[in-house]
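Enquirer: I'll drop the sequence and a predicted model, then ask my questions.
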Amino acid sequence: MPNMNDLLRQAQVMQNKVLKLQQEMAEKTVETSAGGGMVKVVMNGRQELRSIAIDPRALEGGDVEMLQDLIISAVNEGVRVTRSNMEREMTNLTGGIRVPGMF
């Protein structure tokens, strides 16, 4: 049976791995789009919006509400993808054990 020092050491190793993974994921970006590519967004692993590109054709009809919906859809998809990526990597790191507060 492992003693308390072994458990603490293992917890510290796991914490270091988690911190490293979070740093690595923060540097990765994902690109998502909406409206057939009329709105494209790039987000990093911290779920920060890094860039947005709007095809000029999206402005031709003057439908501001549609453009707003496309932007929201693209950003929400970026959040979903980055969250999913982090969950997948965290599951790989922890061997499937769900660590509360990690994702």
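Expert: Right, received. Where do you want to start?
Enquirer: Do a quick rundown of the helices in the protein.
Expert: Per DSSP state H, the chain carries helices over the ranges 4-27, 57-60, 64-94.
Enquirer: winner for burial among those helices?
Expert: Here the criterion is mean neighbour count by mean count of other Cβ atoms under 10 Å, and of the helices of the chain the winner is helix 64-94, at a mean of 16. Every C-beta, even on glycine, is put in place using the N, C-alpha and C of the backbone.
Enquirer: Can you tell me the centre-most residue of the protein?
Expert: Centre of the chain computed as the mean C-alpha position; nearest residue by Cα atoms, centre = their mean is T82, 1.8 Å away.
Enquirer: Looking at the helices of the chain, which is nearest to M43?
Expert: With respect to M43, and counting by Cβ to Cβ, the nearest of these is helix 64-94 at 3.9 Å.
Enquirer: What ranges in the protein fall below the confidence cut-off?
Expert: Residues of the chain meeting the criterion pLDDT under 70: 1-2, 98-103.
Enquirer: what do you get if the cut-off is 90, keeping everything else the same?
Expert: For the chain, the stretches flagged by pLDDT under 90 are 1-19, 21-22, 24-26, 58-63, 86-87, 89-103.
Enquirer: give me the number of residues near E48?
Expert: Counted with other Cβ atoms under 10 Å, residues neighbouring E48 total 12.
Enquirer: Could you measure from it over to E60?
Expert: With distances taken as Cβ to Cβ, to the nearest Å, E48 is found 30 Å from E60.
Enquirer: ditto for N44
Expert: Taking Cβ to Cβ, one finds N44 at 31 Å from E60.
Enquirer: re earlier: thought the residue nearest to the centre of the chain was touching E31?
Expert: No: contact between T82 and E31 fails when scored by Cβ atoms under 8 Å: they sit 11.0 Å apart.
Enquirer: now V41, nearest residue through space, not along the chain?
Expert: Closest residue to V41 apart from its sequence neighbours, by Cβ to Cβ, 6 or more residues apart in numbering: A74 at 4.5 Å.
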